[in-house]
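J.: Take this sequence and fold it.
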Amino acid sequence: MPELVFFSGTMDCGKSTLALQIEHNRSARGLQGMIFTRDDRAGQGKLSSRLGLVTDAVEVEDGQDLYAYLVDHLSQGRRADYVIADEAQFLAEEQIDQLARVVDDLGIDVYAFGITTDFRSKLFPGSQRLVELADRVEVLQVEALCWCGARATHNARTVGGAMVVEGAQVVVGDVDQADTVAYEVLCRRHFRRRMTSASTRAGALSPDVLPVGSDCELG
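T.: Next comes the predicted model:
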């Protein structure tokens, strides 16, 4: 039976690498897929991983009907044996519904890859809808690590190395950037304390950060 599968995790856990591996494995068996993406680090119309692998993809636009796109693609005599949707957290809820319809009405497997929560530890709308609709939700087993060495569970947005918790939900940046807006994965403890690697090195903790060992740290 065709499935809608959601592969989720934090940044740096290998989501796009797995998407590319699935694409390679299936294309090597003679299957043809449709790859959707949104705001990839390599630019529009690309699916890339931090390992340097990249392939072409369809850049999803606001309001685009993904089900209608697939139907049009198939009606022209072309194939789509499976669908890969990377950066699925950036898709609108109705676009996730359309991917579910691709599975149910067209009988095509859909593999969606995305970050579960944003820099405020709130669910992305696309990720929330995937959790609600997916046949399976797979948490990727490659553990991203906080600067302290613990398992990273949260995605932090930084400006000049300092963690921020306000602003637009989507601001394009990268974990490897050194300019104004960047991202860093943190364990829950250091996310709660707003302790990034840069602020810790500089000893520049914000006044509302609780010191390690405080009796109130779990309050």
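
J.: which residues sit against the helix-or-strand element of the chain with minimal mean pLDDT?
T.: Scoring the helices and strands of the chain by mean pLDDT, DSSP states H and E places strand 46-48 at the bottom, with a mean of 75. For strand 46-48, contacts defined as Cβ atoms under 8 Å, 6 or more residues apart in numbering pick out 16, 19-20, 23, 35, 37, 40-42, 54-57, 84, 86. All C-beta spots, glycine's among them, are computed from the backbone N, C-alpha and C.

J.: Do a quick rundown of the strands in this protein.
T.: 4-9, 33-37, 46-48, 54-56, 58-59, 82-85, 109-115, 136-139, 154-159, 162-164, 181-186 (DSSP state E).

J.: out of those strands, nearest to F124?
T.: Smallest distance to F124 across the strands of the chain (Cβ to Cβ): 6.7 Å, for strand 109-115.

J.: in that closest one, what counts as buried?
T.: D109, V110, Y111, A112, F113, G114, I115 (16 or more other Cβ atoms under 10 Å).

J.: Just put those in CSV and tack on distance to V137 and pLDDT.
T.: Conversion of the buried residues of strand 109-115 to CSV gives the following (distance: Cβ to Cβ, whole Å; pLDDT from 0 to 100):
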residue, distance to V137, pLDDT
D109, 15, 97
V110, 13, 98
Y111, 12, 97
A112, 10, 97
F113, 12, 94
G114, 11, 91
I115, 13, 90
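
J.: Show me the two of the residues you listed that sit farthest apart.
T.: Maximum pairwise distance among the buried residues of strand 109-115 (Cβ to Cβ): 21.5 Å, between D109 and I115.

J.: picking that back up, which one of the buried residues of strand 109-115 is nearest V181?
T.: The nearest one, if we look at these relative to V181 and count by Cβ to Cβ, is I115, at 15.8 Å.

J.: who's in contact with the closest one?
T.: S8, G9, T10, M11, K15, Q89, F124, S127, N155.

J.: at 10 Å instead, please
T.: 8-11, 13, 15, 87-90, 123-124, 126-127, 155, 183 (Cβ atoms under 10 Å, 6 or more residues apart in numbering).

J.: which one of these has the most neighbours?
T.: Highest neighbour count within the contacts of I115: A88, with 30 neighbours (other Cβ atoms under 10 Å).

J.: just checking, that residue touches G126?
T.: Yes - here A88 reaches G126: they are 5.4 Å apart, a contact under Cβ atoms under 10 Å.

J.: list residues touching both of the two?
T.: F6, R38, Q95, I96, L99, A112, G114, I115.

J.: Which of the contacts of I115 fall in helices?
T.: K15, G126, S127 (DSSP state H).

J.: Without its sequence neighbours, what residue ends up closest to the second one?
T.: Excluding the flanking residues, the one nearest G126 by Cβ to Cβ, 6 or more residues apart in numbering is L91, at 4.1 Å.

J.: now swap in the first one and tell me
T.: Closest residue to K15 apart from its sequence neighbours, by Cβ to Cβ, 6+ apart: F113 at 4.3 Å.

J.: Pull the distance from stretch 130-144 to the chain's centre.
T.: Stretch 130-144 sits 11 Å away from the centroid of its parent chain (Cα atoms, centre = their mean, to the nearest Å).

J.: what's the answer for stretch 4-17, then?
T.: The mean C-alpha position of stretch 4-17 is separated from the chain mean by 6 Å, Cα atoms, centre = their mean.

J.: Okay then, goodbye and thanks.
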